[in-house]
Structures are given as structure tokens and as C-alpha cells.
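S.K.: What shape does this take:
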Amino acid sequence: AGPGFRDDVNEKTSNEAFGILRNNDIDLDDEDGDLDEDHKLLLQSSLPLLRSRNSAVVLATCSLHYHCGIASIKIRSALGKALVRIHRDRREIQYIVLVSIRTLVRECPSAFTPFLRDFFIKGMDPTFTRLIKLDILVSLCLDPEAIDSVLTELRTYVRHTDTTFACAAVEAVGRIAELASVVYDRRSQTSDLDVSSATTESNTIALTCLFGLVTLSEYSSTKEVTGKCAETMQRILSQLWASEAPIEDPSSVQEQAVKRMLLLVARALRDESDDVDEEEWASHQVSLHMRTVRIPDVALAHALWTLSEWFIQSCGTSVTSNLRGKRKDRVRNEILRMVSKSFTSVHTQVKLQAIHMASKILLMHGSGPASSSAAAECSAAEFILSLARIDVVQDVRDRGRFESNLLHQAVGLSHFDSSILPS
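M.R.: Numbering: from 1, shown residues only. Got it, this is the predicted structure:
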């Protein structure tokens, strides 16, 4: 097994759970006195069955209390302890128990919080067990300590040889980055932590996750993993850019992510015969570009969305200090040129994001371009919209005509034929 995997059972946690179950005498009269006597007797009589060594008996008892029992934290905690105790069994039984735990953890995660380490993935776990445990681990990130523990584990999981599991681990990183903002927001309301400090802590976690994904995308040779990194980076960047509070980023992690997105998009859209000087518009080493793999179409669409949002950022709010002014204009021109050149051959989702990018750039320039570079950008953007209006895919054609009509009414288009629009 590789480093970071748990190959042995946490006996201490298991014994504690079994001891609590043995001494856990729950009186339903204290929980809900409105139940029918027969109903209450059924539930009360079935609670001792949680101590059974038969996994089917324990699972049936948990199902009874889940569907017919009361919504009590004490009852759910007892069910959680019993399920954690029996979840180490043959892979067929383990799968069924873990699915039940995943359902319960979404409604009452506090019942499984003490047993977080029991769900760390072992080296011999099959793929379907890994994916379920990964989902459970993300759902249990309810406090800063749990977030740190799970992120430490994910550092190993994202480098796993199983591509499906590695992609799921990368996606889990993005989910935890989003959960961190919720966790620290709740802490600011229930503890002495002020709102600004809570926001800073959550942003720090998001930037840490973003930096790890940038590094992983640079050294991963698998296009699926690199594409999933691009999708997750887009989620984290959109979360950071939507924040109203200023973001402290002394290491320029956002700038590194944007530059990485530029290289990924250039590699995906570039023809073999297209001679582009990446160092001029991306300021990256040639060796880094050689390690860039061609990402899938879905990831390319996410990367284009990220670049379109960065293109329309003003100089005062731009996250890239080395790509501003004329350098940013050259990057924007080059990306528009590459998108327009390959528009007819890319996937539908990429075409839709290219339409959005062209619309954003035309709206950014407003009533008219102020320079020759802006004029070239507007021409390339209108060319993309022209291609979209006559595309063979109906969704792309409808979206292109819809946004072209809106832009023509708002800012005016130089090349717009209203005869192709439906009357």
C-alpha cells in the first residue's frame, strides 16, 4: 500500500464505539412521548439488536429506525456507532453498509464525526468502496480539524494510479474548498471568531487547494486528471472572485492558476502547424508547456469560462500582476484568434463558452473600441458570433443568434444580418 493509506483497523475507535453501544440505553419516552404505545414498544425493543454481531440484523434495525423511528440525535448517534462497527466486513457487505452510512451522514453528520479516521481509505479497498468513503469524508468536514485531516489524506489520493479515484479525489478538493467557507461562516456566528478572520481562513484554505491543483496539473500525465484539475480550479477561482472581501494572496496563487489555464487552453486549441510563442503571452518555461497534456472538451469549456472572466477584469481588480495592460491585450487577442480558428471543430460545450467569451468582450468595449488592439478583439469576437449563428448544432445556433441580437440592440454589431433571425 502507498503512504497515507490505512491498512489496519483503528481498534481503539472500534472498541470505544462498541463500549458506548453496550452502555447506551435509550428511553424513547424522553425523546418523543407522542408515539403510539405499540410503535414505541417496537422501536424500544429493537434497540438492543444494534449490539448484534450479525451485519444483516444491525442493518435491518437501522433501516427500521430510519424509516419508522423518530428524528433524534441520540437515536441517530446510536445507529451511526452500530454501522461503523460492522462496516469492516466482506466487500459485498461493506458496500451495502457504506451506502447506508452515506445516506445517514447527509442528514446527521455529527453522529459519524468521532469516527472520521475509520473512513480513511485503505490500500486494498476496491474502487467502488473508495468512492463511497471519499463522499463520506467530504460530508464529515464540519470543523477545521476535520478539513485539515481530510485534505492531508487527499494529497495522497490525488496521485493514485486509479484514474477514476484520482479524479474523484480532485473533485473532493473543490468541494472541501467550498465547504470551508460555510464552516468558518458558522464559526463566526457561534464563537468569538470575527467575520473578517473567518473569511481570511476560508480563503487561505481555498488558495491552498488551488495551489495543490495547479501543481498536480503541471506534473500529471493523465488527461482525465489534468482536466478534472482544470474544472476544480474553475470552481475555486469563481468562489474567490465572487468574494466581496479583499483576498490576501502573497504567493500569487490565482495568477499561477490563470497562467496554467492559458497553457491548457493553448494546448487544447493549438494546431500542430500553429507556431505560437507561449513565452511571449504566458511567461512560462518551455519545459512546462511540453508537460501540458490536451485536456478533455468539458474541462476546456471550464477553462474558457475562467479566462473570459479574467479578460473582463479591470486592472485594479486583476489577479495577475505580470499580465496586465498590453500583455493582457496580446493574450486576449491570441486566445480569440485560436478560438475563432478552431470554432467549427470543437465540442458543443466549448462553442457555447466561446460565444459567452465573445459576448463579454464586446460588452467590455462598450460602444466602440478605443485602440487598434481593441478593434481587433471586437472583430474576432464578432467573427465567432457569426460562425455561431450559422452553426450546424441547433443549440449553438440558437445561442449565437440570441446573444447576437441582444448585443446588436445594446452596443451594436458591425457585421450583423438580421435576416437570418426568425421573424
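
S.K.: gap between L406 and A381?
M.R.: Distance of L406 to A381, given as C-beta to C-beta, to the nearest Å: 14 Å. (C-beta placed from N, C-alpha, C; glycine too.)

S.K.: With V253 instead?
M.R.: Taken as C-beta to C-beta, the span from V253 to A381 is 29 Å.

S.K.: More neighbours: those two, which one.
M.R.: A count of neighbours by other C-beta atoms under 10 Å puts A381 above the other of V253 and A381, at 27 against 23.

S.K.: Is it correct that the more buried one is in contact with L336?
M.R.: Yes: using C-beta atoms under 8 Å, A381 is in contact with L336, at 6.4 Å.

S.K.: Quick check: neighbours shared by those two?
M.R.: Counting by C-beta atoms under 8 Å, 6 or more residues apart in numbering, the common neighbours of A381 and L336 are M357, A358, I361.

S.K.: Of these - the most surrounded one?
M.R.: That'd be A358 among the shared contacts of A381 and L336, by other C-beta under 10 Å, with 30 neighbours.

S.K.: Could you check the pLDDT of that one?
M.R.: Note on A358: pLDDT of 93.

S.K.: buried stuff in whatever helix or strand E153 lives in?
M.R.: If you go by DSSP states H and E, E153 is part of helix 144-157. Within helix 144-157, the residues scored as buried using 16 or more other C-beta atoms under 10 Å are A146, I147, S149, V150, L151, E153, L154, Y157.

S.K.: Need the overlap of contacts for L406 and A381.
M.R.: With C-beta under 8 Å, 6+ apart, L406 and A381 have common neighbours S359.

S.K.: Next up, the contacts around S46.
M.R.: T61, L64, H65.

S.K.: Go ahead and list the helix or strand containing the nearest residue to the second one once chain neighbours are set aside.
M.R.: Leaving aside its sequence neighbours, L64 sits nearest to S46 (C-beta to C-beta, 6 or more residues apart in numbering; 5.8 Å). S46 is part of helix 37-46 when elements are defined by DSSP H and E.

S.K.: nearest residue to V396 other than its sequence neighbours?
M.R.: That would be K351: by C-beta to C-beta, 6+ apart, it lies 4.7 Å from V396.

S.K.: Give me the three-state assignment for that neighbour.
M.R.: helix (DSSP: H, G, I helix; E, B strand; the rest coil).

S.K.: who's in contact with T164?
M.R.: By C-beta under 8 Å, 6+ apart, the residues touching T164 are T127, L131.

S.K.: Quick check: it vs V183, distance?
M.R.: T164 is 28 Å from V183, by C-beta to C-beta.

S.K.: and if you look at D125?
M.R.: 27 Å.

S.K.: Also L42?
M.R.: In terms of C-beta to C-beta, L42 sits 38 Å off from V183.

S.K.: neighbour-wise, which of those two wins?
M.R.: Legend: neighbour count by other C-beta under 10 Å for L42 and V183, higher for V183 (20 against 16).

S.K.: Helix 144-157 and the helix or strand hosting the more buried one, what's the angle between them?
M.R.: With secondary structure defined by DSSP H and E, V183 is part of helix 163-190. Angle of helix 163-190 versus helix 144-157, following axes from the mean of the first three to the mean of the last three C-alpha atoms, to 10 degrees, is 170 degrees.

S.K.: And the next helix or strand past helix 163-190?
M.R.: helix 195-219.

S.K.: Between helix 163-190 and that following helix, find me the angle.
M.R.: Using the same axes, to 10 degrees: helix 195-219 against helix 163-190 is 170 degrees.

S.K.: Work out the gap between the following helix or strand past helix 195-219 and the centre of the chain.
M.R.: Next in sequence after helix 195-219, counting helices and strands by DSSP H and E, comes helix 223-241. Put simply, helix 223-241 sits 7 Å off its chain's centre (C-alpha atoms, centre = their mean, to the nearest Å).

S.K.: pLDDT of helix 223-241, averaged?
M.R.: On average, helix 223-241 scores 94.

S.K.: right, and W305 touches H356 too?
M.R.: Yes: contact criterion C-beta under 8 Å: W305 and H356 qualify, at 7.1 Å.

S.K.: centroid residue for the protein?
M.R.: G174 (3.4 Å; C-alpha atoms, centre = their mean).

S.K.: Not including adjacent chain positions, what is the nearest residue to it?
M.R.: According to C-beta to C-beta, 6+ apart, the nearest residue to G174 is T232 (3.8 Å).

S.K.: Neighbours of that neighbour, how many?
M.R.: 26.

S.K.: residues touching it, list them.
M.R.: T232 neighbours (C-beta under 8 Å, 6+ apart): V170, E171, V173, G174, C209, L213.

S.K.: residues near the third one, how many?
M.R.: Spelled out, it's V173. V173: 27 surrounding residues under other C-beta under 10 Å.

S.K.: Just give the nearest non-adjacent residue to C209, would you?
M.R.: Per C-beta to C-beta, 6+ apart, closest to C209 is A177, 4.4 Å.

S.K.: and the angle for the helix holding V183 with helix 223-241?
M.R.: 20 degrees.
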